[in-house]
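A.B. asks: 3D model of this:
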Amino acid sequence: MNTAHIHLVITHLPIIGAFIGLLILAFAYLKKDANVKTAAYLVFVVCAIGACIAYATGEGAEEVVENLPGVVEAAIETHEDAAMYSLVSMIALGVMSIIGIIQIRWNASKFNFIHSLILVLSLLSMATIAYTGNLGGKIRHTEIANASAALPNNEQPSNESDED
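C.D. replies: Below you'll find the model as predicted:
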């Protein structure tokens, strides 16, 4: 197992985890359940750790794939730039989630600002991490980078309707 493999495996954790955490958080707000909210915050903390590992293995993954045929350096650089924003937003979400867990455990309900901030950060983080993952997929997946490349015999997609 090399760093590219580790990077590919771990990058799915913050992407899928942020979405799952957001669903759990929405359920927590609906049910007004502090334990469910704590569970969502714990998912966000795990996602932040996963984002750190994904970012740390990114350079090694770049070294493995940068000289492969069909890999465009600009795609790697764009992914890398987006990854920095994702990392910062995920770390902020993880740190704020830890603060939110502490506030829940201390019954500090007067600090609802933190919980609202976590909700906003979770939406932002989910968007940035999904965008970054999409950019990463374009590095080696031509079917994502160029939809017409995935068509048989390089046929171009038709804009015509089948109504005659």
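A.B. asks: three-state assignment of residue 95?
C.D. replies: Assigned by DSSP: H, G, I helix; E, B strand; the rest coil, the conformation of residue 95 is helix.
A.B. asks: quick check, pLDDT for it.
C.D. replies: Per-residue confidence at residue 95 stands at 97 (pLDDT).
A.B. asks: contact partners for it?
C.D. replies: When contacts are counted by C-beta atoms under 8 Å, 6 or more residues apart in numbering, residue 95 touches residue 48. Placement of C-beta: from N, CA and C, glycine included.
A.B. asks: how much space between it and residue 89?
C.D. replies: Distance check for residue 95 against residue 89: by C-beta to C-beta, to the nearest Å, it reads 11 Å.
A.B. asks: repeat that for residue 25.
C.D. replies: 15 Å.
A.B. asks: from residue 70, how far out is the most centrally placed residue in the chain?
C.D. replies: By C-alpha atoms, centre = their mean, the mean C-alpha position of the chain lies nearest to residue 129, the distance being 2.7 Å. To residue 70, residue 129 is 25 Å away according to C-beta to C-beta.
A.B. asks: also residue 10?
C.D. replies: Where residue 70 is concerned, residue 10 sits at a distance of 24 Å (C-beta to C-beta).
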